[in-house]
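# Curious how this folds, go ahead:
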Amino acid sequence: MTAGAETKADTVTGEGRAPSIRQLAAAVAFDVNRTVGGGHASIELLRRTFTSRGWLDADSHGLIVAVSRLTPGTNILAYCVTLGWRYHRWPGALAALVAASVPASLIVFLLTATLAQIDRYVVVRGLLAVGVLVAGVLVLASAWALIQPYLVKSARVRALLVSAVAAGLIALDATPVRVLLVAALIGFLLPTRASRR
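Next up, the predicted model:
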């Protein structure tokens, strides 16, 4: 190969040089599989990595995010597939999808297998029970923080009415979406009074 010849990995995109399939897969695997809590953090890490290396600009990132939001399923996988497609079509899309999903799947498999094996120990069951208790307390504390502003005297009747209707709908086996819609409608239709200070 001559010094002036360009390989497929060195093709020029609108942002600069495109990553090779190996570089693409390594960046995706590293950024996607080191985050916890959803795809938004992974997408931001990928954006930072790809822009710092000159592989992606802000406009292209925005377009890829928009495309990933339009597709059904997990947005982070759609984002990675679109990144791979942008640079290397089908091989890049497949490499990015495998790099984004296989390591995390293996981690979940190993954690599940480990939990299934150690669940029989009393100490582990106790720790799991404490974890569930802590999660329950956190949910109740969050609910209290959300409800507290509505428990002032001027909004108490409104809050009680919305709660009673929601409880009645839940008792009638209404779907959560219907309960939320009816509660929102009641809250919207009831007059609000300015609180006196």
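
# use CA for all of it now, contacts and neighbours both
Fine.

# for this protein, what are the low-confidence residue spans?
1-16, 37, 154, 191-197 (pLDDT under 70).

# domain ranges for it?
8-118, 152-197 (automatic domain parsing).

# Just say which of the ones you listed is most tucked in.
Compared across these, domain 8-118 shows the largest average neighbour count, a mean of 17 (mean count of other Cα atoms under 10 Å).

# Show me how far that domain is from its chain's centre.
14 Å (Cα atoms, centre = their mean, to the nearest Å).

# ok, back up a step: among the domains of the chain, which comes closest to residue 134?
domain 8-118 (18.1 Å; Cα to Cα).

# any idea how far residue 157 is from residue 149?
Here the criterion is Cα to Cα, to the nearest Å. By it, residue 157 lies 13 Å from residue 149.

# before we move on, what about residue 100?
Separation of residue 100 from residue 149 (Cα to Cα) stands at 42 Å.

# Please apply the same query to residue 93.
For residue 93 relative to residue 149 (Cα to Cα), the value is 49 Å.

# Next: residue 54.
For residue 54, the distance to residue 149 - Cα to Cα - is 48 Å.

# and what of residue 107?
Residue 107 is 42 Å from residue 149, by Cα to Cα.

# ok, which stretches of this protein are helices?
In the chain, the helices defined using DSSP state H lie at 21-32, 39-52, 58-70, 75-118, 122-147, 156-171, 176-189.

# how much does the fifth one deviate in direction from helix 75-118?
Compare the direction of helix 122-147 with that of helix 75-118 by axes from the mean of the first three to the mean of the last three Cα atoms, to 10 degrees and you get 140 degrees.

# Same question for the second one.
With the same axes, to 10 degrees as the basis, helix 39-52 and helix 75-118 are set at 120 degrees to each other.

# Which elements pack onto helix 39-52?
Applying 3 or more Cα pairs under 8 Å, 6 or more residues apart in numbering; DSSP states H and E, one finds that helix 39-52 makes contact with helix 21-32, helix 75-118.

# Could you export those helices to a markdown table, including columns for distance to residue 165?
Shown next, in a markdown table, are the helices and strands packed on helix 39-52 (distance: least, Cα to Cα, whole Å):
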| stretch | distance to residue 165 |
| --- | --- |
| helix 21-32 | 43 |
| helix 75-118 | 36 |
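
# Give me the neighbour count for the closest residue to residue 118 other than its chain neighbours.
Leaving aside its chain neighbours, residue 118 sits nearest to residue 124 (6.8 Å; criterion: Cα to Cα, 6 or more residues apart in numbering). Residue neighbour count, defined by other Cα atoms under 10 Å, stands at 13 for residue 124.

# Next one: the residue positioned nearest the centre of the chain from residue 77, what distance?
In the chain, the residue lying closest to the centroid (Cα atoms, centre = their mean) is residue 38, at 2.8 Å. Distance check for residue 38 against residue 77: by Cα to Cα, it reads 11 Å.

# cool, and residue 172?
39 Å.

# and what of residue 139?
29 Å.

# what does residue 140 give?
33 Å.

# and what of residue 161?
43 Å.

# Before I go, just wanted to say thanks for your time.
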